[in-house]
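Peer 1: My questions concern the predicted model and sequence given below.
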Amino acid sequence: MTLCTPARTTNRPRVQRPHSPPEPPRRFRIAGADLSASVAVFLIALPLSLGIALATGAPLQSGLVAAAVGGLVAGRFGGSPLQVSGPAAGLTVVTAELIQLYGWRTTCAITVLAGLVQLGLSAIRVARSALAVSPAIVHGMLAGIGVTIALAQLHIVLGSTPQSSAVDNVLGLPAQLAHIHPAALGISALTVAVLLCWPRLPGRAGKLVRKVPAALVAVIGATAVAAFAGLTVPRVDLPSWSSHALPGLPEGPALGIMAGVLTITLVTSVQSLLSAVAVDKLVAARPDGGRGVPRSALDRELAGQGAANVVSGALGGLPVAGVAVRSVANVSAGAVSRASTMLHGLWIVLAALLLVPVLDLIPLPALAALVMVVGIQMVSITHIRTVTRHREVVVYAVTLSGVVLFGILEGVALGIGVAIAVALHRLARTRITREERDGRQLLHVRGQLTFLAVPRLSRALHQLPHGSDVVVELDGSFMDHAAYETLSDWTAGHLAHGGTVETTGPSGTRIAEPTPSAAAAHTCCRPWTPWHNHQCGEQPDERPDEAVETPRTTGLKLASGIGKFQRNTAPLVRDELARLAREGQTPSQLFLTCADSRLVTSMITSSGPGDLFTVRNVGNLVPLPGEESGDDSVAAAIEYAVEVLRVESITVCGHSGCGAMQALLNAGPDDPPTPLRRWLRHGRPSLERMVSRRHAWARISGRLPADAVEQLCLTNVVQQLEHLRAYEPVARRLAEGTLSLHGVYFHVGEAQAYLLSGTDEVHSYDDVFTQVMPTEPLEAARAS
């Protein structure tokens, strides 16, 4: 889903009044929140930068160079103000491989070239194309990188040196376990224990000390223990900056250099752009809705990352990308502008120049343990559950295995190939079943009808008895020309032999071609005809003095509309309404939606009289039992639908641009208690759910919500479904298995309905920050 871009502002020159005093010069001001956030990010970035440099086999200063450049250059020129860039764990494997193949100086040159490619890609505005990659491939790639990192760092944790590939590291583990270095293992175990236990310290004191990053505490603790105990372990050795290696001309085969450039470009770009999108989610989830913080401009962010890689490579630094852990820390610490990111880069520069004696005390096993834990966390259980739920575990597993066994580019290529094969399989998978019911032949067709399914469709159709009454039920969203001709030709032949054919949709709605007479009678009235001010067969009265609607003209329009119903529509539905009047209503579902005039429930659901028991109110809200305060209308409708009408499902339908959700977001504590405000209090749980860090934002068919209003509209649907479960009749029917709940989101501007998946139970949805913030998955899948 594409994110909406911030509105463009026009910079107009200020007009100076003739006799007004000159304006004072603007001063560069730094918000206190940015200053404190920069310190928090710096304390996380410092040990991680050294650890990642160690894991790649690059000079340790290169990690500090990349962190400083990421903060200063990417922070200044990037399009995501609160994203923090620097050396990323996702680049560890490819960087280490490039160093082993071509040496450090050539690797720096490759980083520069990758940055130039990123600048070129940003110029042609292809940043959003990176978001089209399947999440299963992205998460599989990151998990494969994490496995490779963990296997390599495990050898350093045990007191040895890693091998050149993940397979060699696995094969070398038995011999390494037989020769463990006790001091290195002890320091590493201490580091891992602190990393895992520090975020879980209980009590009020624990909440206070948890503000200090766990990575910093773990490294400081391991350094102190190694120093006071006099342990003999390898330590950080930062050479003099005067001997720092700078890039040289690329040396090696041209194809190999190009593959390295492509790999660095791919990983840094995808990781940075996905991280920028996730940062927008975190910012919008703040209590103030991220007011004052612009949304990410992805093409500019790609350009900022390219500029940072050019500068970092030129200064002898590691490749730079947006980093999730530091970005989350930046947003959580309350940063409000790009000043926090840039200040963190400044602190890195000062530390690299002034704290070299302190940094030289850090044990290398502590840094290796830190990076090993980061690598393990890149294999997210939440991601695995999500891809399993969406039946993409094969894509995930193939990508992960390919990255571990062959390399990043090869693994991603394998993942893309499998993803395409899975998509084609789903497109070509069509189930055709046949049964006899009440003397009629019923042919069910499930899935998309393409030319690949024509042989099976033709075989099933010709097995039906000649002259029989046939109902063909099509349950799919697509039929190509070959399938259409096959069905049409068979229908004509079957009718010629005295049979009958009725083609229906999944709900039993008849699908029929209009007769020529009907088409001639209503040539101007089609389903797509705009009905606003539409007059079939009449010329609108264009009198300028009635251009503005008055109560009189509105009443005339109402009467005219009723007259057209009586003339055109009533004859067509009179028999059906007469039947419903005799037999009574038996709707299949309770449909609870907003009172917004743009939502036409029968149009959205393709339903007719007697199908839906509809309840509409401002904001499609379901008050919790006992909180109605004198208005029991919604509760009464739920009880009547569930207990008396015995509906089989309840649907809560929200929509884009909901005025109730906008009012809820903009409500202040001092607003007068009007009837609207009193009613909207039932929507406060939705607002609390949206800003809660325990819940993640929903994706809508692969895209993120455009803004805080859309996210609240989505969250409100989920929250009202939970409110429904609190009603005793609903809970009882759900336990019996005779009732189901559904959530629908209708995007008015796109005329597109989305069906929320997983509305009958609590799931968890994946994003790039799952390791830091627990999430509850709710992904919105496109409804056919």
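Peer 2: Looks like it came in fine. Residues are numbered from 1 along each chain as shown.
Peer 1: Look through every helix and strand of this structure and give the one with the lowest mean pLDDT.
Peer 2: strand 779-782 (a mean of 34; mean pLDDT, DSSP states H and E).
Peer 1: can you pull out the strands in the protein?
Peer 2: 85-86, 321-322, 431-437, 440-446, 469-475, 500-504, 510-511, 589-594, 612-617, 649-655, 699-700, 740-747, 752-756, 779-782 (DSSP state E).
Peer 1: P182 is nearest to which of those strands?
Peer 2: strand 85-86 (33.4 Å; CB to CB). From N, CA and C alone the C-beta is placed, and that goes for glycine too.
Peer 1: Direction included, what does that closest one pair against?
Peer 2: Take DSSP bridges as the rule and strand 85-86 pairs in its sheet with strand 321-322 (antiparallel).
Peer 1: looking only at pLDDT, what's the mean for the strand it pairs with?
Peer 2: Strand 321-322 carries an average pLDDT of 89.
Peer 1: So what touches that strand?
Peer 2: 74, 80, 83-86, 88, 90-91, 267-268, 271-273, 275-276, 279, 301, 305 (CB atoms under 8 Å, 6 or more residues apart in numbering).
Peer 1: returning to that earlier point: go through the strands of the chain and pick out the most buried.
Peer 2: strand 85-86 (a mean of 36; mean count of other CB atoms under 10 Å).
Peer 1: what mean pLDDT does it have?
Peer 2: 91.
Peer 1: hmm, who's touching that strand?
Peer 2: 45, 48-49, 66-67, 70-71, 74-75, 78, 272, 304-305, 308, 320-323, 326, 341.
Peer 1: and that strand, how far from the chain's centre?
Peer 2: 22 Å (CA atoms, centre = their mean, to the nearest Å).
Peer 1: what do you get for stretch 611-622?
Peer 2: The answer for stretch 611-622 is 28 Å, by CA atoms, centre = their mean.
Peer 1: Not counting its own residues, what contacts that stretch?
Peer 2: Everything outside stretch 611-622 that qualifies as a contact, by CB under 8 Å, 6+ apart, is 585, 587-595, 601-602, 605, 633-634, 637-638, 640-641, 645, 647, 652-654, 658-661, 664, 676, 679-680, 682-683, 716-717, 720, 723-724.
Peer 1: What subset of those residues is buried?
Peer 2: Using 16 or more other CB atoms under 10 Å as the burial test, the contacts of stretch 611-622 include 587-594, 601, 605, 634, 637-638, 641, 645, 647, 652-654, 658, 660-661, 664, 679-680, 682-683, 716-717, 720, 723-724 as buried.
Peer 1: Mind checking which of these are in helices?
Peer 2: 601, 605, 634, 637-638, 660-661, 664, 679-680, 716-717, 720, 723-724 (DSSP state H).
Peer 1: of those, closest to Y754?
Peer 2: V717 (9.8 Å).
Peer 1: Confirm for me that that closest one is in contact with G654.
Peer 2: Yes: when contacts are counted by CB atoms under 8 Å, V717 is listed as touching G654 (4.3 Å).
Peer 1: what touches both of the two?
Peer 2: 620, 743-745.
Peer 1: if we can go back for a sec, and the strands of the chain: which comes nearest L249?
Peer 2: Of the strands of the chain, the one closest to L249 (CB to CB) turns out to be strand 321-322, at 24.7 Å.
Peer 1: pLDDT wise, what is G316 at?
Peer 2: Confidence score, pLDDT, at G316: 90.
Peer 1: For it, list the residues it contacts.
Peer 2: 59, 61-62, 65, 104, 108, 244-247.
Peer 1: which of the residues you listed are buried?
Peer 2: If we count by 16+ other CB under 10 Å, the contacts of G316 have these buried: 59, 61-62, 65, 104, 108, 247.
Peer 1: Nearest to P455 among those?
Peer 2: C108 (58.4 Å).
Peer 1: That closest one reaches P247, doesn't it?
Peer 2: Yes: in this structure C108 lies within contact range of P247 using CB under 8 Å: 3.3 Å.
Peer 1: shared neighbours of these two, which are they?
Peer 2: Common neighbours of C108 and P247 (CB under 8 Å, 6+ apart) are 313-314, 316.
Peer 1: Take those and lay them out in TSV including distance to T486.
Peer 2: TSV is the format used below for these (distance: CB to CB, whole Å):
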residue	distance to T486
G313	59
A314	63
G316	66
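Peer 1: Return the closest of these with respect to A259.
Peer 2: The closest of the shared contacts of C108 and P247, once distances to A259 are taken by CB to CB, is G313, at 16.7 Å.
Peer 1: burial measure for the closest one, as a count.
Peer 2: Residues near G313, counting by other CB atoms under 10 Å, number 29.
Peer 1: Quick one: residues contacting it.
Peer 2: G313 touches 108-115, 247, 319, counting by CB under 8 Å, 6+ apart.
Peer 1: which ones among the residues you listed are found in helices?
Peer 2: Short answer: these in helices (DSSP H) are 108-115.
Peer 1: can you list those in a markdown table and add distance to V39?
Peer 2: Output for the ones in helices among the contacts of G313, formatted as a markdown table (distance: CB to CB, whole Å):
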| residue | distance to V39 |
| --- | --- |
| C108 | 30 |
| A109 | 34 |
| I110 | 33 |
| T111 | 28 |
| V112 | 31 |
| L113 | 35 |
| A114 | 31 |
| G115 | 28 |
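Peer 1: Any chance of a markdown table for those, columns pLDDT and distance to E435?
Peer 2: Shown next, in a markdown table, are the ones in helices among the contacts of G313 (pLDDT from 0 to 100; distance: CB to CB, whole Å):
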| residue | pLDDT | distance to E435 |
| --- | --- | --- |
| C108 | 92 | 69 |
| A109 | 92 | 68 |
| I110 | 93 | 63 |
| T111 | 93 | 64 |
| V112 | 94 | 67 |
| L113 | 94 | 63 |
| A114 | 94 | 60 |
| G115 | 94 | 63 |
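Peer 1: Ok, which of the strands of the chain comes nearest G230?
Peer 2: That would be, of the strands of the chain and by CB to CB, strand 85-86, which comes in at 33.5 Å.
Peer 1: thinking again about what came up before, looking at the shared contacts of V717 and G654, spot the one nearest A492.
Peer 2: V744 (37.9 Å).
Peer 1: measure that closest one to T586 for me?
Peer 2: 22 Å (CB to CB, to the nearest Å).
Peer 1: for A366, same thing?
Peer 2: On the measure of CB to CB, A366 and T586 end up 70 Å apart.
Peer 1: Please identify which of these two sits among more neighbours.
Peer 2: A366 (31 against 12).
Peer 1: Quick check: the residue lying closest to the more buried one once chain neighbours are set aside vs G467, distance?
Peer 2: Computed as CB to CB, 6 or more residues apart in numbering, the closest residue to A366 that is not its neighbour in sequence is A222, at 3.7 Å. Going from A222 to G467 by CB to CB gives 85 Å.
Peer 1: Those two: which is more packed in?
Peer 2: Neighbour comparison, A222 and G467: the larger count goes to A222, with 29 against 11 (by other CB under 10 Å).
Peer 1: Near G411, how many other residues are there?
Peer 2: So G411, with other CB under 10 Å, has 23 neighbours.
Peer 1: That one against V395, yeah?
Peer 2: No: at 11.2 Å, G411 and V395 do not qualify as touching, with contact defined as CB under 8 Å.
Peer 1: Find the residues that touch each one of these two.
Peer 2: Counting by CB under 8 Å, 6+ apart, the residues touching both G411 and V395 are G140.
Peer 1: any chance of the strands of the chain in JSON lines, plus distance to V356?
Peer 2: Output for the strands of the chain, formatted as JSON lines (distance: least, CB to CB, whole Å):
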{"stretch": "strand 85-86", "distance to V356": "19"}
{"stretch": "strand 321-322", "distance to V356": "26"}
{"stretch": "strand 431-437", "distance to V356": "68"}
{"stretch": "strand 440-446", "distance to V356": "68"}
{"stretch": "strand 469-475", "distance to V356": "69"}
{"stretch": "strand 500-504", "distance to V356": "77"}
{"stretch": "strand 510-511", "distance to V356": "77"}
{"stretch": "strand 589-594", "distance to V356": "62"}
{"stretch": "strand 612-617", "distance to V356": "66"}
{"stretch": "strand 649-655", "distance to V356": "57"}
{"stretch": "strand 699-700", "distance to V356": "45"}
{"stretch": "strand 740-747", "distance to V356": "55"}
{"stretch": "strand 752-756", "distance to V356": "54"}
{"stretch": "strand 779-782", "distance to V356": "48"}
